[in-house]
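Peer 1: next input, structure requested:
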Amino acid sequence: MAAPRPPPARLSGVMVPAPIQDLEALRALTALFKEQRNRETAPRTIFQRVLDILKKSSHAVELACRDPSRVEHLASSLQLITECFRCLRNACIECSVNQNSIRNLDTIGVAVDLILLFRELRVEQESLLTAFRCGLQFLGNVASRNEDSQSIVWVHAFPELFLSCLNHPDKKIVAYSSMILFTSLNSERMKELEENLNIAIDVIEAHQKHPESEWPFLIITDHFLKSPELVKAMYAKMSNQERVTLLDLIIAKIVGDEPLTKDDVPVFLSHAELIASTFVDQCKVVLRLTSEQQADDEPTKILHEALATIRLLDVLCEMTANTDLLGYLQVFPGLLERVIDLLRLIHVAGRDTTNVFSTCGCIKAEGDVSNVAEGFKSHLIRLIGNLCYKNKDNQDKVNELDGIPLILDSCSIDDSNPFLTQWVVYAVRNLTEDNSQNQDLIAKMEEQGLADASLLKKMGFEVEKRGDKLILKSTNDTPPL
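Peer 2: Below is the predicted model:
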């Protein structure tokens, strides 16, 4: 049995000064390398000297990892390590010559090994965090726009450094390690991520915790979402909260200012298959929200499952609003049938008992779901409308499954909800466009009192009798969509 780890120690409050000559020389170099002309004229021997100081100072960290009593004597070494990293970091800025010189000295391997040692030190001190951050900044700069350096950083850093840093409590360390991962990733290395899903999931968690940080966001949108295989593997392993985060980013990509490119479309068709098949298989979990018999520890779990399902529906709505993805989803096996079936189930549940799907039911969660009845039911109807857009087979299928009375009844019960009414209008238009059978059905429903004439008028439709025929037509005061 392994011996227990010692409790965290604190660095001594007494700062032991680093060797004055080395520290002052390093600080002078760091300042000089802020200027491009000084970076371009730096001799290789300077970087060898910096590496020598770094190695010597690293030895003190190694000893402290083995013997915690030595931690109190690390202050001077940490000063030198920090300044070495700052110096190397500055030297690499937009200077491939220095990047190559530093890489060829095996400085990258030394830096990664040292950073991994930092995680082993059981100390609480700002000076250690500063050294840690500067080391990661150096790795990011030495790899920036330099494929050879990126390759060496990847060899040394993957997977241990990312596993150690992406979930670090310090948000700057998370950001800098994300920068390194973003800079180093390419199509070949994405395959390695599929075998190390914990790293990919750590990136999702990093975006959850630090949504203001651009690097985790860019890793997901510019790398992860271009790999359907990785997204599928991740989705199966993630928590429901992490799934919601990923699905939100898929939505952001679809509805972003820049339309999907020709290269994006095949990838997002693969994502559409995952989203649609998952929704078809699992969408009924939202009905668990209506159950009154829940164990004390289950409500949160059920809520997170429901939120993930709600977000799947949101993604499907946005995907079917995209002309490049619509055709594929209109013929997806079982999707339209399942949506109508689920709409019927929650409609009945909301009408017969008081729960979150009742018109008065309200549930709040994480600030992004204010009313399940309003959002979920509306988006089910929106999705039906999208799936029927210029698709007579689906229009007829909704009719066969008695979906049209269900949609109209949903609006009748919840006519105080303008959001739902909007999508009912949209769905009815798509269901009746160039479809005389569906037009006749709604007209006859109105004549028989099964469809409220005032409701149809409110929606922008009216029924007109022409001889023996009933005609459903739009009025001039059709509400805007």
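Peer 1: please count neighbours and contacts with C-alpha atoms only from this point.
Peer 2: OK.
Peer 1: residue boundaries of the helices in the stretch 101-250 of the chain?
Peer 2: For the stretch 101-250 of the chain, applying DSSP state H, counting those that start in this stretch gives helices covering 107-120, 126-143, 147-157, 160-165, 171-184, 187-194, 197-209, 214-222, 228-237, 240-254.
Peer 1: need these in CSV (columns: mean neighbour count).
Peer 2: Output for those, formatted as CSV (neighbours: other C-alpha atoms under 10 Å):
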stretch, mean neighbour count
helix 107-120, 19
helix 126-143, 23
helix 147-157, 18
helix 160-165, 20
helix 171-184, 23
helix 187-194, 14
helix 197-209, 21
helix 214-222, 19
helix 228-237, 17
helix 240-254, 19
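Peer 1: hmm, Arg89 is touching Asn141, no?
Peer 2: Yes: applying C-alpha atoms under 8 Å as the test, Arg89 and Asn141 come out as touching, 6.0 Å apart.
Peer 1: pLDDT weak spots in the stretch 1-150 of the chain?
Peer 2: Applying pLDDT under 70 to the stretch 1-150 of the chain flags residues 1-20, 122-124.
Peer 1: and if you look at the stretch 151-300 of the chain?
Peer 2: Along the stretch 151-300 of the chain, segments meeting pLDDT under 70 span 291-297.
Peer 1: Trp215 and Lys172 touch, don't they?
Peer 2: No: counting by C-alpha under 8 Å, Trp215 sits too far from Lys172 to count as a contact (11.0 Å).
Peer 1: any low-confidence regions in the stretch 301-450 of the chain?
Peer 2: Residues of the stretch 301-450 of the chain that meet the cut-off, pLDDT under 70, sit at 352-374, 412-418, 446-450.
Peer 1: hang on, Leu387 packs against Gly334?
Peer 2: No: the criterion here is C-alpha under 8 Å, and Leu387 misses it with Gly334 at 11.9 Å.
Peer 1: higher neighbour count, those two?
Peer 2: More crowded of Leu387 and Gly334, by other C-alpha atoms under 10 Å: Leu387, with 30 against 13.
Peer 1: what sits against the more buried one?
Peer 2: Applying C-alpha atoms under 8 Å, 6 or more residues apart in numbering to Leu387 gives the contacts Thr320, Leu326, Leu329, Gln330, Leu336, Asn394.
Peer 1: burial count for the third one?
Peer 2: If I follow you right, that is Leu329. Neighbours of Leu329 (other C-alpha under 10 Å): 19.
Peer 1: in space, what's closest to it - neighbours in sequence excluded?
Peer 2: Using C-alpha to C-alpha, 6 or more residues apart in numbering and skipping residues adjacent in sequence, the residue nearest Leu329 is Thr320, 6.8 Å away.
Peer 1: now do the contacts for that neighbour.
Peer 2: Contact analysis of Thr320 by C-alpha under 8 Å, 6+ apart lists Leu326, Leu329, Gln330, Leu383, Asn386, Leu387.
Peer 1: can you do 7 Å?
Peer 2: Leu326, Leu329, Asn386 (C-alpha atoms under 7 Å, 6 or more residues apart in numbering).
Peer 1: give me the element the second one is part of.
Peer 2: The secondary structure element spanning Leu329 is helix 323-330 (assigned by DSSP states H and E).
Peer 1: output the contacting helices and strands for that helix.
Peer 2: Using 3 or more C-alpha pairs under 7 Å, 6 or more residues apart in numbering; DSSP states H and E, the elements in contact with helix 323-330 are helix 299-320.
Peer 1: buried ones in the helix it packs on?
Peer 2: Of the residues in helix 299-320, 302-320 count as buried by neighbour count, 16 or more other C-alpha atoms under 10 Å.
Peer 1: and the angle from that helix to helix 240-254?
Peer 2: Angle, helix 299-320 to helix 240-254, by axes from the mean of the first three to the mean of the last three C-alpha atoms, to 10 degrees: 20 degrees.
Peer 1: restrict helix 299-320 to CA atoms and write it as CSV.
Peer 2: Only the C-alpha atoms of helix 299-320 are listed here, as CSV (Å, rounded to 0.1, in the frame of the first residue of the first chain):
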residue,chain,number,x,y,z
PRO,A,299,-34.9,15.3,-9.1
THR,A,300,-31.6,16.9,-10.1
LYS,A,301,-30.6,13.9,-12.2
ILE,A,302,-34.0,13.8,-14.0
LEU,A,303,-33.8,17.5,-14.6
HIS,A,304,-30.4,17.3,-16.2
GLU,A,305,-31.6,14.4,-18.4
ALA,A,306,-34.6,16.5,-19.4
LEU,A,307,-32.5,19.5,-20.2
ALA,A,308,-30.2,17.4,-22.4
THR,A,309,-33.3,16.2,-24.3
ILE,A,310,-34.7,19.7,-24.6
ARG,A,311,-31.4,20.8,-26.1
LEU,A,312,-31.4,17.9,-28.6
LEU,A,313,-34.8,19.2,-29.8
ASP,A,314,-33.4,22.7,-30.0
VAL,A,315,-30.5,21.4,-32.2
LEU,A,316,-33.0,19.6,-34.4
CYS,A,317,-35.0,22.7,-34.9
GLU,A,318,-31.9,24.7,-36.0
MET,A,319,-30.7,21.9,-38.2
THR,A,320,-34.0,21.6,-40.0
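Peer 1: dump the contacts of Leu387 into TSV; add distance to Val110 as well.
Peer 2: Converted to TSV, those look like this (distance: C-alpha to C-alpha, whole Å):
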residue	distance to Val110
Thr320	51
Leu326	52
Leu329	51
Gln330	55
Leu336	57
Asn394	63
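Peer 1: contact partners for Glu205?
Peer 2: Counted by C-alpha under 7 Å, 6+ apart, Glu205 has contacts Glu242.
Peer 1: measure it to Ile115 for me?
Peer 2: 22 Å (C-alpha to C-alpha, to the nearest Å).
Peer 1: coming back round to it: just after the helix holding Leu329, pick out the following helix or strand.
Peer 2: helix 335-352.
Peer 1: I figured Leu383 hits Glu318, correct?
Peer 2: No: between Leu383 and Glu318 there is no contact, the gap being 8.9 Å when judged by C-alpha atoms under 7 Å.
Peer 1: nearest spatial neighbour of Val339, skipping sequence neighbours?
Peer 2: Nearest to Val339 is Leu380, by C-alpha to C-alpha, 6+ apart, at 6.3 Å.
Peer 1: count the neighbours of that neighbour for me.
Peer 2: 25.
Peer 1: before we move on, what about Lys55?
Peer 2: Neighbours around Lys55, by other C-alpha under 10 Å: 17.
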